[in-house]
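# coords please:
(one chain, ligands or ions: 1)
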Amino acid sequence: MEALWRSILDLLSKIITPDWGELISLLPVALAGLVILWFALTVRGWATVGPARRAPSRLTPIAPPDLHMPGPSYAPIFAAAGAAALLWGLVVGGTALLVGVTILVLALLYWGREAIRDYDQATHAAEHAGMLPAVVHAGPPPGVHMPGPSFRPFLGAAGTTALMAGLVFGGWVLAAGVILLVTTLSGWLVDAVKEYRKTEEADHTGHLENIPDPVWPRRLIQVGSIIFVLAVLLQAGIIPPKAPETAGGGTPSGPAPTEEAPATAFTITAKDIAYDRRSMVVPADTPFTVTFDNADTPGISHDVDIRKADKTTVVQDEPVINGGDSTTYNFDGLPAGTYVFICSIHPVANMTGTLTVK
Ligand SMILES: [Cu+2]
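Prediction:
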């Protein structure tokens, strides 16, 4: 009876304080479930639709004159199949990857050939109707303001890309991404202010002029590229040659683990969502213990799990304890190698340490 009660409590604790690492690994399964549900609903909708919608002869839509509607095409379906084959190839690798690439390329070539034929036909028809060459208008009709051409959208996209790369790699790349995006957005704002001034002028003159066409922003692109490349090199530790680890730079740092003598008993205190110890050295194939003190407030749970160096493959999973509690974790002996000890609730740099087994 007590065993039953304990297993219920165990199950409840998993629901109340879920192991986020395990939940995230369930995401693809949940997505697959959604896709299957969607297909099931589509099939059901098709099967239950009235016979009128499935009449054998459908109306062929007739486009109004001067309007070109591309004809029906299998190309999108082929391309989708090709993309699926490529993704499958990426998963399986080897020959499947080659086959996937081939199918996708053939599908796209088919689509391209179809589009060129369509274009040729449309051009031919337009020539016959005397619609070519097309009339090029000198400017917008009076009273209509068209903003001039601008490099800002492209620069904005490049800056956003740099920022996204920064969010992934952190540190210097993040700083560079922020600088690039802020610079390009400020430039865009300056352009917008100039344009607004012209609009105000037009209130008096009755004539709206565009701001001058932009020149190719060569200097901005050069300086921006240099900043970004420098940041990547700094972040990768290529320059300076012996870069000290930046604080909180994503990788578990701390004193060089090789200089520590191996031990079999450790104490770790967690406070403010951070371990006070970020490195442990234990002898190979020898059990060891961690006396763990969760010094955060009740409601903030932590644990100490052992994972492989990829930080995701669980080697030994331990139960979480609530803030204010402490416990002793018993770990089994491990083969020599480098592992991490990590909090499954907060798998962040401050709750990740290096476990060296030798
Ligand atoms: Cu934690």
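
# from here on, just use CA atoms for contacts and neighbour counts.
Noted.

# once you drop chain neighbours, what's closest to the residue of the stretch 201-350 of the chain found nearest the ion?
Distances between the stretch 201-350 of the chain and the ion by CA to the ion are smallest at His302, namely 3.7 Å. Nearest non-adjacent residue to His302, counting by CA to CA, 6 or more residues apart in numbering: Val320, 5.2 Å away.

# equivalent analysis for His207, please.
Glu201 (8.0 Å).

# burial check on the one you found, number of neighbours?
14 (other CA atoms under 10 Å).

# hang on, the earlier thing: wait, what's in contact with the residue nearest to His302?
Contact analysis of Val320 by CA atoms under 8 Å, 6 or more residues apart in numbering lists Thr17, Ser301, His302, Asp303, Val304.

# which parts of this protein sit against the ion?
Within the chain, the positions near the ion by CA under 5 Å from the ion are His302, Cys343, Ile345, His346.

# could you dump these into JSON lines with distance to Leu185, secondary structure and neighbour count added?
Converted to JSON lines, those look like this (distance: CA to CA, whole Å; DSSP: H, G, I helix; E, B strand; the rest coil; neighbours: other CA atoms under 10 Å):
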{"residue": "His302", "distance to Leu185": "41", "secondary structure": "strand", "neighbour count": "30"}
{"residue": "Cys343", "distance to Leu185": "39", "secondary structure": "coil", "neighbour count": "29"}
{"residue": "Ile345", "distance to Leu185": "37", "secondary structure": "coil", "neighbour count": "19"}
{"residue": "His346", "distance to Leu185": "34", "secondary structure": "coil", "neighbour count": "19"}
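
# could you identify the most distant pair in those?
His302 and His346 (7.5 Å; CA to CA).

# can you tell me the distance between the two ends of stretch 312-323?
Stretch 312-323 has its terminal residues 24 Å apart, counting by CA to CA, to the nearest Å.

# centre of the chain versus the helix or strand hosting Ala96, how much separation?
Assigned by DSSP states H and E, Ala96 belongs to helix 95-128. Distance, stretch centre to chain centre, for helix 95-128: 31 Å (CA atoms, centre = their mean, to the nearest Å).

# just checking, what packs against that helix?
Applying 3 or more CA pairs under 8 Å, 6 or more residues apart in numbering; DSSP states H and E, one finds that helix 95-128 contacts helix 75-92.

# next, count neighbours for the closest residue in space to Thr160 that isn't next to it in sequence.
Nearest non-adjacent residue to Thr160, counting by CA to CA, 6+ apart: Leu181, 6.1 Å away. Leu181: 21 surrounding residues under other CA under 10 Å.

# and if you look at the one 3 residues further on?
Using other CA under 10 Å, Thr184 is surrounded by 23 other residues.

# now do it against Ala231, distance only.
Applying CA to CA to Thr184 and Ala231 gives a distance of 18 Å.

# for Ile268, helix, strand, or coil?
Put simply, Ile268 is strand when judged by DSSP: H, G, I helix; E, B strand; the rest coil.

# partners of it in the sheet?
Taking DSSP bridges as the rule, Ile268 bridges to Phe292.

# residues near it, how many?
18.

# Throw the contacts of Val320 into TSV and include distance to Asn330, thanks.
What follows is these, written out as TSV (distance: CA to CA, whole Å):
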residue	distance to Asn330
Thr17	21
Ser301	19
His302	16
Asp303	12
Val304	11
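
# generate a PyMOL selection restricted to the buried subset of those residues.
The buried subset of those, as determined by 16 or more other CA atoms under 10 Å, is captured in PyMOL by this line:
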select buried, resi 17+301+302+303+304
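
# as a markdown table, the contacts of Val320 with secondary structure and pLDDT would be great.
Listed next are the contacts of Val320 as a markdown table, based on DSSP: H, G, I helix; E, B strand; the rest coil; pLDDT from 0 to 100:
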| residue | secondary structure | pLDDT |
| --- | --- | --- |
| Thr17 | coil | 66 |
| Ser301 | coil | 90 |
| His302 | strand | 93 |
| Asp303 | coil | 94 |
| Val304 | coil | 95 |
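
# and the contacts of Val320, which is closest to Val315?
Val304 (11.3 Å).

# quick one, strands of the stretch 201-350 of the chain?
Using DSSP state E, counting those that start in this stretch, the strands of the stretch 201-350 of the chain run over 265-270, 279-282, 288-294, 305-308, 314-316, 326-331, 337-342.

# okay, buried residues for the last one please.
Neighbour-count burial for strand 337-342, counted by 16+ other CA under 10 Å, picks out Thr338, Tyr339, Val340, Phe341, Ile342.

# same check on the longest one?
By neighbour count with 16+ other CA under 10 Å, strand 288-294 contains the buried residues Phe288, Val290, Phe292, Asp293, Asn294.

# same list (those) but as a markdown table, adding pLDDT.
Shown next, in a markdown table, are these (pLDDT from 0 to 100):
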| residue | pLDDT |
| --- | --- |
| Phe288 | 94 |
| Val290 | 95 |
| Phe292 | 95 |
| Asp293 | 94 |
| Asn294 | 93 |
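
# of these, closest to Pro72?
Closest to Pro72, out of all of the buried residues of strand 288-294 and judged by CA to CA, is Asn294, at 64.7 Å.

# now for that closest one: which residues touch it?
By CA under 8 Å, 6+ apart, the neighbours of Asn294 are Thr269, Ala270, Lys271, Ser301, His302, Ile321, Asn322, Gly323, Gly324, Asp325, Ser326.
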